[in-house]
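Chemist: here is a sequence together with a model predicted from it:
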Amino acid sequence: MKAMKNIFLFCLLLLSGTVSAQSGKQAKDTTVHFKVYGACEMCKERIETAANGRGVKKADWEIESKILSLTFNPSEASLDKIKNRILGVGHDLETKKAKEVVYNDLPECCRYRGEITASHGTEKNIGAGTQAADAQVGGTPGLQTIRGIVLETSNKGEFNPLAGASIFWLGTNKGVLSDSLGYFEIGHTGTDTRLVVSYTGYTPDTISVGNANELKIVMANNNQLRNVTVKSSPRSSYIATISPIRTEVMTAKELLKAACCNLSESFETNPSVDVAYNDAVTGSKQIQLLGLSGNYSQLTVENLPGPRGIATPLGLNSIAGPWIESIQLTKGVGSVANGFESIAGQINVELKKPESAEQLLANIYVNDAGKTDLNLNLNTRLGKKWSAGLLLHDNFLTNKGVDYNKDGFRDLPTGNQFSMVNRYKYDNLNGLMAQFGIKVMNDKRTGGQSAFNEAKDKYTTNYYGLGINTERYEGFAKIGYVFPQKVYKSIGLQLAGISHTQDSYFGLTGYNAKQQSFYSNLIYQSIIGNTNHKFRTGLSFQYDKYNETFKATNYRRTEIVPGAFFEYTYTANSKFSAVAGIRADHNNLYGAFVTPRLNLRYEPFKGTVIRASFGRGQRTANIFAENTSVFVSARQVNIITSDAGKAYGLNPEVAWNKGISIDQKFRLFQHDASLNFDFFRNDFTNQVVVDMENSRQVKFYNLQGKSYSNSFQAELTVVPATKLDVRLAYRYFDVQSTYGIELLKRPFISGHRAFLSIDYTTGNYWKFDYTITYNGRKRIPYTQDNPPPYRLESYSPSFVQMSAQISKTIGKKRDMDFYLGAENLTDMFQQNVIVSANQPFSPYFDASMVWGPVTGRMFYAGWRFRIK
């Protein structure tokens, strides 16, 4: 068959003059087109980055057609090497598959093989190419094969092959694509007589076949469309279309829209996630997803446990923004393979990989308050099989006078944070891959009143002060093996060990805590019969040892949770797929429990995706670390226990999450646009209630009554003009819980939020980003039992925030960025953010009543330099 194909091509090319016309000429830039499998905008960025290199002038991959258009100089670049680079980052070609272990390391939204499988064996998908045609020829009686070549004529009258041309039978969806030499084969039953040939830049041509079985199709010059340029660029943020689990992907491009010094600031341009200060003095921030605090969102780093437990309040600050390659945000329940703790959703952070990231990235950021961030990323390849990366971050603030509301307290603590990641990756190029590394963080913060001096005033009533000293050490490893003869079968092991220590004081109150954790997850995946039926199963183990001392009372516990899971993925076709999973775990404090989860995806017609999800989540509350209001107020702590053998004597938190979403893609203003709707509801069967409805105390107790959250969001993304992106969103929350015997709205949750983001890029590499958000009013806990000067309104006012950034890319290789921006342009900040700020040691002092920004308008500037 291959020999016949070569002879056929040679004869046609010889007759058309292609061979003689090109013989003896020196190699110049050549453009080829070939299929590369992928799924989304993030795939586009990865494929084009891998294809680019010395001698490559242009690489453009189209998501819909899967065709990569490549312009290169054959004397400087080898096409085989370019293809191998693409395979090396996990993307299949028509003629060769990427290694399974590399493919499995792709983010969930980039898993494209389910889509390929759905179209194999039929001619329904044009992308099936000659392989699908060969399959039909071999299996259908009476089916003949039409062979041909698609050519174009140059201005000099020469014939050149067209790769990636679409050839299909008129009135059907049966078709193929021409290969890199313009060659194609398509099945012919005799009932179809007219072929349609189309290619970007030409008007479609219809050909009557008759009894012919060999065709030479020349797209003539007079069929060319004039002045048509098709360009596409990856979206900075998008919903993955293929996976049954609805995942929003925020790429590195999205993170560059703002300063994004750390993970908490990465969501400031995202309408789905709220970012708010935990309190008015520690500088720590938390996220809110589906109307629930970040405690209910499972945070993972490359699918390994991220900051959790006592690391929760400062965890988002510990991951530097320039380290991040992408963020995958999943609302509702995710996969059972990632554990049982997800209730509101999952946030997975992908760090920059040593084998694919830039060799060097340096970043300097400074704002007008004096806060400075320094970053240095170093990555290198150590031979063919090894690669190594070193990520460094340091930030510091020495200015004690950051006090926007003039209440005598520092709005931001001073101090220094240093963190690093040192990682290594090994690939033996025969199915075995391993990566391992260490992470270190050392954070020292001092806050409180501006006049506080730690050396003289610590644990005295001279001035109110606080100090937080944190040390965190992590070791991690991943080992995976793909069976060479059965690439659909693989086994992987994930390991992580963490030691986290915090020594702190808040006024006269001390809080010291230590957490030691170990995590392992063994995953085996394969198929049942064929790749329409895939499964993965495995065993997990989570060990957490806590030792906390608060106000001279010691709280110790050790949680040991072994578990097992099974997850089945069914891909009926390109329209319907489902992921059903179940896991069983045993907690030594709470006993055995089962976590079922189901995710469905249905695409009734192209461009419209409907998803539904249902499942259970369970977690153990860490009441002190997750509620810094305990530390920064004069409230008395009252823990109403139910069983002394449990964590703090309280039951685990359990909730059921249900969700539905509709994602619609369409064309508007001659560009791609999308309209997304989602609705999620959480119902808690048990929750640790944080009751602050008495101004003198904070109570922790098990839920006695209802607790639920309803979340609705609508989002429109359009491109009104080339390089101008506009995103509009509206979100509604109804979050209520039973406090005592009364069902009340959860405090500090805005019921209504509107969002507008505008991004524009010029042709000379200027970039303008602008974001505005409207936040509706929020309920404030009851304070009427305070003296009149210390009483607050029942609801906060609504407010508007704006941020903007201008950046310029320069250099011959576009390797340097300068950026200038402003946060909180409206200069809106909470005036009386601390209750009884003038008497911090009185029984009315409370720095936890935060409903709005703590700091006012802030300007910043920065510089980035990269070597690819």
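Modeler: Alright, I've got the coordinates.
Chemist: now the host helix or strand of T446: how far from the chain's centre is it?
Modeler: Taking DSSP states H and E as the criterion, T446 maps to strand 432-448. In this view, strand 432-448 has its centroid 20 Å away from the chain centroid, taken as C-alpha atoms, centre = their mean, to the nearest Å.
Chemist: just stretch 488-504 next, same as before
Modeler: Stretch 488-504 has its C-alpha centroid displaced from the chain centroid by 19 Å (C-alpha atoms, centre = their mean).
Chemist: got a pLDDT number for I772?
Modeler: Per-residue pLDDT puts I772 at 96.
Chemist: from R113, how far off is it?
Modeler: As judged by C-beta to C-beta, to the nearest Å, I772 and R113 stand 41 Å apart. Every residue, glycine included, has its C-beta placed from N, CA and C.
Chemist: quick one: which of those two has more around it?
Modeler: Comparing I772 with R113 by other C-beta atoms under 10 Å, the one with more neighbours is R113, at 20 against 16.
Chemist: so who does that one touch?
Modeler: Applying C-beta atoms under 8 Å, 6 or more residues apart in numbering to R113 gives the contacts Y37, D92, Y103, T531.
Chemist: state the distance from it to G607.
Modeler: 21 Å.
Chemist: do the same with V735
Modeler: Applying C-beta to C-beta, the value for V735 to G607 is 33 Å.
Chemist: looking at the two, which is more packed in?
Modeler: V735 (21 against 14).
Chemist: excluding chain neighbours, give the residue nearest to I245 in space.
Modeler: Closest residue to I245 apart from its sequence neighbours, by C-beta to C-beta, 6 or more residues apart in numbering: N599 at 4.8 Å.
Chemist: where along the stretch 1-150 of the chain do the helices fall?
Modeler: Counting by DSSP state H, counting those that start in this stretch, the segments of the stretch 1-150 of the chain that form helices are 2-16, 18-22, 41-51, 79-88, 100-104, 113-119, 129-139.
Chemist: lowest mean pLDDT across these, which one is that?
Modeler: Least confident of the helices of the stretch 1-150 of the chain, judged by mean pLDDT, is helix 129-139 with a mean of 31.
Chemist: about what we covered before: which strand residues bridge the residue nearest to I245?
Modeler: Residues in a beta bridge with N599, per DSSP bridges, are V579, S613.
Chemist: again with G591
Modeler: Judged by DSSP bridges, the bridge partners of G591 are N587.
Chemist: same thing with Y819?
Modeler: On the basis of DSSP bridges, Y819 is bridged to S807, G862.
Chemist: now do T380
Modeler: A388.
Chemist: dump the residue contacts of it.
Modeler: Counting by C-beta under 8 Å, 6+ apart, T380 touches P354, Q359, S387, A388, G389.
Chemist: isn't the third one right next to A357, touching?
Modeler: No - contact criterion C-beta atoms under 8 Å: S387 and A357 do not qualify, at 9.5 Å.
Chemist: residues shared between the contacts of these two?
Modeler: Jointly contacting S387 and A357 under the rule C-beta under 8 Å, 6+ apart are N379.
Chemist: coming back round to it: the residue nearest to I245: what's it in contact with?
Modeler: P244, I245, R246, V333, A578, V579, A580, R611, A612, S613.
Chemist: for those residues, work out which two are farthest apart.
Modeler: Pairwise distances across the contacts of N599 peak at 15.7 Å for R246 and A580 (criterion: C-beta to C-beta).
Chemist: neighbour count for these two, which is higher?
Modeler: Regarding R246 and A580, a neighbour count based on other C-beta under 10 Å identifies R246 as having more, with 28 against 18.
Chemist: okay, stretch 443-451 in PDB with CA atoms only?
Modeler: Output of stretch 443-451 as PDB, limited to C-alpha atoms (Å, rounded to 0.1, in the frame of the first residue of the first chain):
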ATOM      1  CA  ASP A 443       8.100  33.800  56.500                       C
ATOM      2  CA  LYS A 444       8.500  36.300  59.200                       C
ATOM      3  CA  ARG A 445       5.900  39.000  59.700                       C
ATOM      4  CA  THR A 446       5.400  41.800  62.300                       C
ATOM      5  CA  GLY A 447       2.300  43.900  62.600                       C
ATOM      6  CA  GLY A 448      -0.100  45.700  64.900                       C
ATOM      7  CA  GLN A 449       0.200  49.400  65.900                       C
ATOM      8  CA  SER A 450       2.600  51.500  64.000                       C
ATOM      9  CA  ALA A 451       4.600  52.300  67.100                       C
END
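Chemist: contacts for that stretch?
Modeler: With contact meaning C-beta under 8 Å, 6+ apart, stretch 443-451 is reached by 281-283, 314, 317-318, 400-401, 403, 408-410, 412-419, 452, 454, 463-472, 507, 840.
Chemist: off-centre distance for stretch 477-491?
Modeler: Stretch 477-491 sits 25 Å away from the centroid of its parent chain (C-alpha atoms, centre = their mean).
Chemist: may I see the buried residues of it?
Modeler: For stretch 477-491, a neighbour-count test (16 or more other C-beta atoms under 10 Å) marks A477, K478, I479, G480, Y481, V482, S490, I491 as buried.
Chemist: for the fourth one, name its beta-bridge partners.
Modeler: What it means is G480. Counting by DSSP bridges, G480 forms beta bridges with M433, G492.
Chemist: the strand or helix carrying I186: partners in the sheet, and parallel or antiparallel?
Modeler: Here I186 sits within strand 183-188, counting by DSSP H and E. Using DSSP bridges, the strands paired with strand 183-188 are strand 144-153 (antiparallel).
Chemist: mean confidence score for the partner strand?
Modeler: Computed over strand 144-153, the mean pLDDT rounds to 73.
Chemist: and if you look at stretch 604-618?
Modeler: Stretch 604-618 comes out at a mean pLDDT of 94.
Chemist: residues making contact with it?
Modeler: Stretch 604-618 is contacted from outside by 241, 244-246, 296, 332-333, 340-343, 575, 593-603, 652-666, using C-beta under 8 Å, 6+ apart.
Chemist: list buried residues within those.
Modeler: Neighbour counting with 16+ other C-beta under 10 Å marks 241, 244-246, 296, 332-333, 340-343, 593, 595, 597, 599-601, 603, 652-657, 659-661, 663, 665 as buried within the contacts of stretch 604-618.
Chemist: of the residues you listed, which belong to strands?
Modeler: Taking DSSP state E, the ones among the buried ones among the contacts of stretch 604-618 that sit in strands are 593, 595, 597, 599-601, 603, 653-657, 659-661, 663, 665.
Chemist: tell me the buried residues in stretch 463-480?
Modeler: 463-470, 472, 474, 476-480.
Chemist: next one: stretch 672-680
Modeler: Within stretch 672-680, the residues scored as buried using 16+ other C-beta under 10 Å are D672, A673, S674, L675, N676, D678, F679, F680.
Chemist: ok, now stretch 420-438?
Modeler: Neighbour count says stretch 420-438 has 420-425, 427, 431-435, 437 buried, by 16+ other C-beta under 10 Å.
Chemist: and the end-to-end length of it?
Modeler: Stretch 420-438 has an end-to-end distance of 8 Å (C-alpha to C-alpha, to the nearest Å).
Chemist: what lies in contact with it?
Modeler: Stretch 420-438 is touched from outside by 99-102, 105, 323, 351, 353-355, 384-393, 439-441, 473-484, with contacts defined as C-beta under 8 Å, 6+ apart.
Chemist: list the helices and strands the helix or strand harbouring T809 packs on?
Modeler: According to DSSP H and E, T809 maps onto strand 799-810. Counting contacts by 3 or more C-beta pairs under 8 Å, 6 or more residues apart in numbering; DSSP states H and E, strand 799-810 packs against strand 766-775, strand 816-823.
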